Structures are given as structure tokens and as C-alpha cells.
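> curious how this folds, go ahead:
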Amino acid sequence: MNARTFFQHEMVQLRQLLDQSQDDPILAPQLQQRLENVENELKAIQPDKEALFPMEPIPARPRVALFLTGAAVRDSEGIRPGLAGEALIQYEKMFTEQALHDEREAARAAGRERRRRGSPIPSLLFTGTPRGSFGLEFAPQPLEDRGLLPVHAKSLKNIAETLLHVSSAESNWDETIEGILPRVLQPMKQFLRTLAQHGAEVRLAFSDGPSKSIDADRIKQVSERLEREWDEEEIEVKGVFRGFTWETTVFDLLPEDGTVISGTMADSLTEEDFERIAPLTNRRCTAKLQVTTLRPVTGPPRKKYLLLDVIPEDTAQEPTGNGTGE
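Presented below is the predicted three-dimensional model:
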């Protein structure tokens with residue numbers, strides 16, 4: 001990316017952020033000043049005389065900012081490192097898992113079953129600290145595949161909507177929790193726990209939409225309920241892998257105790273992983289599973305299984321007949 005392209009890209013993003021922060025007496029002037037500086041830098045660059053075609057419009061890279069208030073935040077001056085660092089780490093983990101899922105859905109819509117082989121793991125860049133309360137701003141890591149830009153923009157919105165939804169859920173709490181991707185729920189639990197421990201309130205601000213807030217009392221209530229009713233662990237189970245479906249990604253596993261475990265394949269598994277795992281059908285294997293347990297106030301616990309990997313047992317005999325080796 002040359003200098004002119006970089007400044008044009010930056011200018012688009014700053015204008016979008018400025019449109020959403022006109023009511024902020026601290027943030028708006030700072031964004032305006034940054035925008036003027038970028039415009040001046042752009043004017044100082046001479047046009048490319050050798051260009052034969054007009055420059056294509058540059059899609060704006062999506063951004064999100066977390067504005068935090070509470071005992072660990074001193075107005076717009078600073079924030080406790082434990083709160084800022086952990087909030088960013090867990091928010092990125094939520095984004096990564098959501099983006100992996102959204103990339104898989106985009107691949108399926110394009111006629112592929114999985115993400116492309118060798119695709120980098122989605123991640124975020126910490127891009128600034130806009131002030132007004134105290135802001136932490138970040139954006140998806142730039143990728144060569146520009147087609148993923150709208151996918152990752154959607155992922156950022158999905159994470160925010162999930163946080164807002166779980167924080168407003170009351171009567172349909174169990175349904176709401178079960179609707180969240182298991183791999184997103186764990187970092188979300190830690191994110192809300194961190195905010196609750198610091199008595200923080202959060203406002204989510206986006207470059208292309210209105211901001212939304214979750215107050216400190218509600219964050220504490222949701223965090224306590226997740227700690228009490230939801231848990232996750234990774235386990236290894238030996239048994240016969242009964243296969244999976246490429247379209248729905250549902251798998252079956254027959255453990256040594258004769259029960260049946262069913263669930264879905266992890267979004268992080270690539271097409272290459274599927275091709276490696278498929279021949280293991282009806283073979284004795286060790287399955288690496290993520291187990292999500294929901295303990296509702298009424299009724300028995302409910303479990304969800306996510307298959308992370310399957311490893312063949314090289315010394316085991318191939319099962320016959322009913323898959324139990326008998």
C-alpha cells in the first residue's frame with residue numbers, strides 16, 4: 001500500500017468515526033484534528049502522473065472502540081493495565097472464534113465447505129486510545145483477501161450484538177446462552193468477569209453505527225450467572241469415530257463405555273483437516289473435545305460437544321461389525 005492509498009484509507013475511517021462522535025466533547029475534537037492532519041498529508045503528496053486509470057474507492061476497514069468507565073478508570077486520563085489488557089485479549093479471542101465461524105459460512109455460500117487452506121487465523125490490531133471516558137480502539141488485521149473485509153466487519157457486529165443480547169436476556173436466558181457459539185462463550189465469560197471485577201461499564205462504539213452501553217450492575221449480574229450456570233472444559237475420549245457429514249459438520253463418536261457422543265466439528269478445522277479425518281471413520285481414535293455444560297436453575301444439565309481433532313490409535317485393531325470390535 002503506497003502513502004496516498006494509506007492516507008485515503010485513513011481519511012475514510014476517520015470521517016466515519018467523526019460522524020458517530022459529534023456529541024462527544026472530548027473525542028470529536030481529537031478526531032477532527034486527526035482528520036485535518038491526514039488531509040494535509042494527502043495534499044502534500046503529488047498525484048501519480050503515470051496513473052492511467054482512476055483510483056478505485058478503498059473499502060473502509062471496520063473499527064470498534066470500547067469506552068470504559070468505573071473505579072479502574074480515571075476519567076479520560078488512564079486505565080488500570082489489568083482491565084485494559086485483559087479486555088483487549090478476551091475481545092480478540094471472541095472476534096477470532098466468531099470470524100472463523102463467519103468465514104466458514106461465507107465459504108459455504110461461495111460453494112466451498114470450509115475456509116481456504118492456509119488461511120491466516122483472524123485477529124485484531126490495537127489501533128489507538130480515543131479518549132472520552134477511556135477508549136480502546138482496534139480493527140481486524142489487514143489481509144491479502146479483501147473479500148474477507150465485509151466478513152470481519154460482520155464478525156465485529158456479531159460479537160457486539162451477542163454481548164448486548166446476553167446482557168439483556170431474562171426469561172429466555174437458557175435459549176440465549178445455547179445460541180452462542182461455544183468457542184465464543186468462554187472468552188466472553190472471561191471478558192465480562194474482568195469488567196465485573198473492576199466495576200466497569202462498557203460502551204461499544206462503531207464506525208458505521210450508533211454506540212451501545214452495558215452498565216456495571218448488569219455486567220456483574222450476567223457474569224455471576226455465567227460463573228454459576230455455565231462451564232467449559234477440553235477432554236480426550238478414546239473410542240470409535242463413527243464419521244461426520246461434510247455439509248452439516250455433525251459427528252458421532254462411540255466411546256469405550258458404549259454411549260454415543262454427537263456434536264459438531266470446530267470452525268477452526270480446515271478443508272485439509274476434514275480430508276485427514278474422513279478416512280478415520282469406524283477406526284479406534286482419541287477424540288479431542290470441547291464440552292460445554294449449561295446448568296439451568298430448573299431441569300438437568302445440558303451438554304454440547306465440539307470436535308477439535310481426531311487422532312488415530314496406531315496400535316489398535318480395526319473395529320468390525322457394530323463398530324465395537326466384537
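> report the next helix or strand after the helix or strand where residue 108 lies in sequence order.
Element membership for residue 108 (DSSP states H and E) is helix 81-109. Downstream of helix 81-109, the next assigned helix or strand under DSSP H and E is strand 124-128.
> still on that earlier bit, just checking, what packs against the helix holding residue 108?
Counting contacts by 3 or more C-beta pairs under 8 Å, 6 or more residues apart in numbering; DSSP states H and E, helix 81-109 packs against strand 64-69, strand 124-128, strand 135-140, helix 149-168, helix 182-197. Backbone N, C-alpha and C define where each C-beta goes, glycine included.
> so for residue 237, which of those sits nearest?
With C-beta to C-beta as the criterion, residue 237 lies closest to helix 182-197 of the helices and strands packed on helix 81-109, at 16.4 Å.
> any idea which helix or strand comes after that closest one?
Downstream of helix 182-197, the first helix or strand assigned by DSSP H and E is strand 201-206.
> give me the contact list for that next one.
The contact list for strand 201-206, computed with C-beta atoms under 8 Å, 6 or more residues apart in numbering, reads 20-21, 62-70, 133, 135, 156-157, 160, 163-164, 195, 211-216, 219.
> convert the C-alpha atoms of stretch 173-193 to PDB, please.
C-alpha atoms of stretch 173-193 as PDB (Å, rounded to 0.1, in the frame of the first residue of the first chain):
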ATOM      1  CA  TRP A 173     -31.700 -16.900  29.300                       C
ATOM      2  CA  ASP A 174     -31.100 -20.600  28.600                       C
ATOM      3  CA  GLU A 175     -32.100 -20.200  24.900                       C
ATOM      4  CA  THR A 176     -29.800 -17.200  24.600                       C
ATOM      5  CA  ILE A 177     -26.800 -19.000  26.000                       C
ATOM      6  CA  GLU A 178     -27.400 -22.100  23.900                       C
ATOM      7  CA  GLY A 179     -27.500 -19.900  20.800                       C
ATOM      8  CA  ILE A 180     -24.000 -18.500  21.400                       C
ATOM      9  CA  LEU A 181     -21.100 -20.300  19.700                       C
ATOM     10  CA  PRO A 182     -19.300 -22.400  22.300                       C
ATOM     11  CA  ARG A 183     -15.900 -21.200  21.400                       C
ATOM     12  CA  VAL A 184     -17.100 -17.600  21.800                       C
ATOM     13  CA  LEU A 185     -18.800 -18.100  25.100                       C
ATOM     14  CA  GLN A 186     -15.600 -18.900  27.000                       C
ATOM     15  CA  PRO A 187     -13.700 -15.600  26.300                       C
ATOM     16  CA  MET A 188     -17.000 -13.800  26.700                       C
ATOM     17  CA  LYS A 189     -17.300 -15.200  30.200                       C
ATOM     18  CA  GLN A 190     -13.700 -14.000  31.000                       C
ATOM     19  CA  PHE A 191     -14.400 -10.600  29.400                       C
ATOM     20  CA  LEU A 192     -17.400 -10.000  31.500                       C
ATOM     21  CA  ARG A 193     -15.700 -11.400  34.600                       C
END
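> buried residues, stretch 89-98. List them.
Going by neighbour count (16 or more other C-beta atoms under 10 Å), the buried part of stretch 89-98 is 90, 91, 92, 93, 94, 95, 96, 97, 98.
> same thing with stretch 247-254?
Those would be 249, 251, 252, 253, 254, for stretch 247-254 by 16+ other C-beta under 10 Å.
> in stretch 264-281, which residues are buried?
Within stretch 264-281, the residues scored as buried using 16+ other C-beta under 10 Å are 264, 265, 266, 267, 268, 269, 270, 271, 273, 277, 280, 281.
> whoops, stretch 284-299 was the one
Within stretch 284-299, the residues that qualify as buried are 284, 285, 287, 288, 289, 290, 291, 292, 294, counting by 16+ other C-beta under 10 Å.
> find the nearest non-adjacent residue to the last one, please.
Closest residue to residue 294 in three dimensions, ignoring its sequence neighbours and counting by C-beta to C-beta, 6 or more residues apart in numbering: residue 302, at 4.8 Å.
> residue 293 is in contact with that neighbour, correct?
Yes - counting by C-beta atoms under 8 Å, residue 302 touches residue 293, with 7.3 Å between them.
> against residue 219, how distant is residue 257?
Remark: distance between residue 257 and residue 219 (C-beta to C-beta, to the nearest Å) = 41 Å.
> who's more crowded, these two?
A side-by-side neighbour count of residue 257 and residue 219, using other C-beta atoms under 10 Å, places residue 219 first with 24 against 7.
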